[in-house]
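In: Got a predicted model here, sequence first, then my questions.
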Amino acid sequence: MKLIIQIPCYNEADTLPATIADLPKQIDGIDMIEYLVIDDGSADGTDAVARACGVHHILRNRRNMGLARSFRRGLDYALGAGADIIVNTDGDNQYYGADIARLVEPIVAGRADVVIGDRQTQTIAHFSPAKRMLQRFGSWAVRHFSGVDVPDAVSGFRAISALLPFR
């Protein structure tokens with residue numbers, strides 16, 4: 001089973017080395033782990049830092065296209081590169097690389113097709129009350145319309161099975 005960990009980045013040359021160093025090199029049930037950086041038009045040399053850190057795959061947008069387009073471009077690329085599971089994390093090292101094993105475990109075990117990490121937003125001190133309220137409302141809306149308990153619907157830390165129909 002092949003896992004590609006994608007890291008959308010915009011001007012994250014300073015934090016990318018720590019992010020990459022934190023990523024797992026092996027996970028039970030996964031035969032191969034590769035890293036993909038999607039540089040969203042950065043002006044700080046993010047792509048060069050990714051190369052220097054030994055990232056397996058680098059996509060570079062000529063100009064800033066935004067997170068949604070970069071995320072989608074990464075999914076398409078990872079599928080084309082033979083990924084069975086794709087994990088999305090962030091270049092600013094806000095998610096713990098060691099948690100990737102826990103994130104993919106339900107997919108490896110065949111119990112889930114998508115797993116979304118919970119940042120425990122109610123405990124994040126720098127989140128304003130308004131941001132916490134919007135976070136709760138957004139997650140409630142996803143739960144309400146999907147029937148799935150998702151405590152942190154907007155978390156960028158997620159694992160997706162390649163078996164899902166993306167196209």
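Out: Cool, got the structure. Numbers count the residues shown, from 1 in each chain.
In: how about low-confidence regions in the chain?
Out: Applying pLDDT under 70 to the chain picks out residues 119-127, 131-133, 135-136, 138-144, 146-156, 164-167.
In: mind listing the helices for it?
Out: Using DSSP state H, the helices of the chain run over residues 16-22, 46-52, 67-80, 100-108, 129-146.
In: Just to check, residue 87 is in contact with residue 100?
Out: Yes. Counting by Cβ atoms under 8 Å, residue 87 touches residue 100, with 5.6 Å between them. C-beta here means a position set from N, CA and C on the backbone, and glycine is covered the same way.
In: Need the residues touching each of the two.
Out: Here residue 87 and residue 100 have 5, 159 as joint contacts, going by Cβ atoms under 8 Å, 6 or more residues apart in numbering.
In: which one of those two has more residues nearby?
Out: Set residue 87 next to residue 100 and count neighbours by other Cβ atoms under 10 Å: residue 87 wins out with 30 against 24.
In: Can you report how many residues lie near the residue nearest to residue 51 when sequence neighbours are not counted?
Out: Of all residues not flanking residue 51 in the chain, residue 58 sits nearest, at 6.5 Å (Cβ to Cβ, 6 or more residues apart in numbering). Residue 58: 17 surrounding residues under other Cβ under 10 Å.
In: Quickly list what residue 58 is bridged to.
Out: residue 37 (DSSP bridges).
In: hang on, isn't it packed against residue 36?
Out: Yes. Counting by Cβ under 8 Å, residue 58 does reach residue 36; the two are 7.5 Å apart.
In: any idea how far the residue lying closest to residue 33 once chain neighbours are set aside is from residue 31?
Out: Spatial nearest neighbour of residue 33, chain neighbours left out: residue 3 (5.0 Å); criterion: Cβ to Cβ, 6+ apart. Using Cβ to Cβ, to the nearest Å, residue 3 is found at 9 Å from residue 31.
In: Compare the two and say which is more crowded by neighbours.
Out: Taking other Cβ under 10 Å, residue 3 and residue 31 do not tie; residue 3 has more neighbours (26 against 10).
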